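Novice: Fold the following.
(one chain, ligands or ions: 2)
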Amino acid sequence: MYLEINQRNYPSKINKPVVVICLDGSQKEYLDRASQSKLTPNLDKIVKEGEFILAHSAIPSFTNPNNISIVTGQPSAVHGICGNFFYTPSTNKEVMMNDPQYLRAPTIFQKFYEQGSKIAVITAKDKLRSLLGNGLNFNENRAICFSSEKSDQTTIEQNGIEKVNEWLNMPVPEVYSQGLSEFVMKAGVKILNEFKPDIMYLSTTDFIQHKYEPGHEIANQFYQMFDDNIGLLNDNDISLVITADHGMKAKTNINGDPNAIFLEDLLKEKFPQENFKVILPITDPYVVHHGSLGSFAMIYVENQSLISNVVAEIQKVPEIEEVMNKQEACSAYHLPEDRSGDIICMSSESFTIGSSKSKHDLSSLKEPLRSHGGLHEREVPFILNSSKSDITNQGQIYNYDAFYYATHMANK
Ligand code: ZN
Ligand code: ZN
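Specialist: Ligands and ions are numbered 1, 2, ... in the order given. Model (predicted):
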């Protein structure tokens, strides 16, 4: 018996709790370095008994599109969330996409909930919460969804749980701290034991990964914290998949200054009479750790007859690795055409893309820039706590296959 969700079949009967963790910004090297320092004994055991493969994220390799891909099982061409916001040329408006009205597909949680399952979703940042919790009814004691960022504002009506800080005995963490993710993990352990969900999703934040490279003492501490909690989760008989929304790469020159190509400035210089709008979908209210610089950009070209000339011009820029018109890019990377720019660009491994230099305030960047968004950050870990999935024979795996494998493992 299968439950069809967004054109994929999930087993309608699952025999043990399904737990998927999205470890934000966790480039494989973070796990490798922490493991080499013997800080992740629980994870090491899971990998030994299960599988550790490398999957691809959805493109752009940003947080929201990938979290929504993971929880719908499909890329953004299907669910519609392709960045933190989209731009509408006819109105000249930039619209934030963290409202469920922009979601074009039901989540896996909603579909399982409708057939009677118990669901728990915990996210670090509140910007994801309403998308992830869409379609759940919190008044029936079968659904919980909250963020650690706003854990002090939880109510039964909105979150299915209240007084979270007292319950967990942890105050609201600072938004820029390891604590925000630690809160998610600790709450996950407690919810699994007390609420006993059929399906649980935990989504951390990449604050630490933006600041510290793999192997850094503080990064290692983060994975040690993660490992402690993963051990407590895996003490239960669960079907577990750990993946990431995207990787993370250093984006600096040898002096430690940010590497960025400012596309709006560049195009203004080449085509002084024309108007362009460069959209950086990484931009969000939490800009402190990346200065709105990522490796992916969309360009809106006012004069549509110019598109192929602009593409040709950008192809000459060595730091831009991928440049395509909308149709090519949407077909290659499964993006929604009506929310994409006329041209899509991705930068090289150590570069980011900005709009106009004057629009980026980099003074808040205290550490050398680390960021994501392009092809070099799409490789992500994909860890299963069982070796019975046959996943290694299935060709290219995406992070948004996580619930597919986790539910099928729970059906065995
Ligand atoms: Zn992320
Ligand atoms: Zn990030």
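Novice: going forward, measure contacts and count neighbours with C-alpha atoms only.
Specialist: OK.
Novice: Domains of the chain: list them as residue ranges, please.
Specialist: Annotated domains of the chain cover 2-248+374-410, 260-371 [automatic domain parsing].
Novice: Val19: what secondary structure?
Specialist: strand (DSSP: H, G, I helix; E, B strand; the rest coil).
Novice: Quick one: neighbours of it, just the number.
Specialist: 27 (other CA atoms under 10 Å).
Novice: Same question for Asp245.
Specialist: Neighbour tally, Asp245, other CA under 10 Å: 35.
Novice: Find me the pLDDT at it, would you?
Specialist: Looking at Asp245, its pLDDT is 98.
Novice: Leaving aside the residues adjacent along the chain, what's closest to it?
Specialist: Asn66 (5.1 Å; CA to CA, 6 or more residues apart in numbering).
Novice: isn't that neighbour right next to Gly73, touching?
Specialist: No. Using CA atoms under 8 Å, Asn66 makes no contact with Gly73, being 9.9 Å away.
Novice: Give me the common contacts of those two.
Specialist: Tyr400 (CA atoms under 8 Å, 6 or more residues apart in numbering).
Novice: quick one: the host helix or strand of the residue nearest to Asp245 near ligand 1?
Specialist: Using DSSP states H and E, Asn66 falls within helix 63-72. Yes. Helix 63-72 lies within reach of ligand 1 by CA under 5 Å from the ion, at Thr63.
Novice: which bits of this protein sit near ligand 1?
Specialist: Residues of the chain lying near ligand 1 (CA under 5 Å from the ion): Asp24, Gly25, Thr63.
Novice: Make a markdown table from the residues you listed and add pLDDT, neighbour count and distance to Ser177 to it.
Specialist: What follows is the residues of the chain next to ligand 1, written out as a markdown table (pLDDT from 0 to 100; neighbours: other CA atoms under 10 Å; distance: CA to CA, whole Å):
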| residue | pLDDT | neighbour count | distance to Ser177 |
| --- | --- | --- | --- |
| Asp24 | 98 | 26 | 13 |
| Gly25 | 98 | 29 | 14 |
| Thr63 | 95 | 27 | 17 |
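Novice: can you tell me the residue of the stretch 251-400 of the chain closest to ligand 1?
Specialist: Residue nearest to ligand 1 within the stretch 251-400 of the chain: His372 (8.2 Å; CA to the ion).
Novice: That residue contacts Asp245, correct?
Specialist: No. With contact defined as CA under 8 Å, His372 does not reach Asp245; the gap is 10.3 Å.
Novice: which residues do those two both contact?
Specialist: Ser61, Phe62.
Novice: State the helix or strand in which Ser117 lies.
Specialist: Per DSSP H and E, there is no helix or strand for Ser117.
Novice: Distance of it relative to His408?
Specialist: Applying CA to CA, to the nearest Å, the value for Ser117 to His408 is 15 Å.
Novice: now swap in Ala312 and tell me
Specialist: 46 Å.
Novice: Settle it for me: which of these two has more neighbours?
Specialist: Neighbour tally, Ala312 and His408, criterion other CA under 10 Å: the higher count belongs to His408, 20 against 12.
Novice: The more buried one - nearest residue in space that isn't next to it in sequence?
Specialist: Pro11 (6.2 Å).
Novice: I'd assumed Tyr2 was in contact with that neighbour.
Specialist: Yes. The pair Pro11 / Tyr2 is scored as a contact, 4.6 Å apart, by CA under 8 Å.
Novice: Show me which of those two is the more surrounded one.
Specialist: Pro11 (16 against 10).
Novice: Run through the residues that contact the more buried one.
Specialist: Met1, Tyr2, Leu3, Thr407, His408, Asn411.
Novice: right, and out of these, which lies closest to Asp338?
Specialist: The nearest member of these to Asp338, counting by CA to CA, is Leu3 at 29.2 Å.
Novice: The closest one bridge partners, please.
Specialist: Tyr10 (DSSP bridges).
Novice: now whatever residue of the chain ends up closest to ligand 1, nearest residue through space, not along the chain?
Specialist: Nearest residue of the chain to ligand 1: Thr63, at 3.6 Å (CA to the ion). With CA to CA, 6+ apart as the criterion, Thr63 has its nearest non-adjacent residue at 5.7 Å, and that residue is Asp245.
Novice: dump the residue contacts of that neighbour.
Specialist: 22-26, 57, 61-63, 66-67, 380, 399.
Novice: Same question for Ala55.
Specialist: Glu379, Val380, Pro381, Phe382, Gln396, Ile397, Tyr398, Asn399.
Novice: that's a strand at it, yeah?
Specialist: Yes. Assignment of Ala55 by three-state DSSP places it within a strand.
Novice: Give me the pLDDT for it.
Specialist: 98.
Novice: so it bridges to which residues?
Specialist: The partner residues for Ala55, given DSSP bridges, come to Val380.
Novice: surely Pro53 meets Phe382?
Specialist: I think there's a mix-up here, since residue 53 is Ile and not Pro. Yes. Counting by CA under 8 Å, Ile53 touches Phe382, with 5.3 Å between them.
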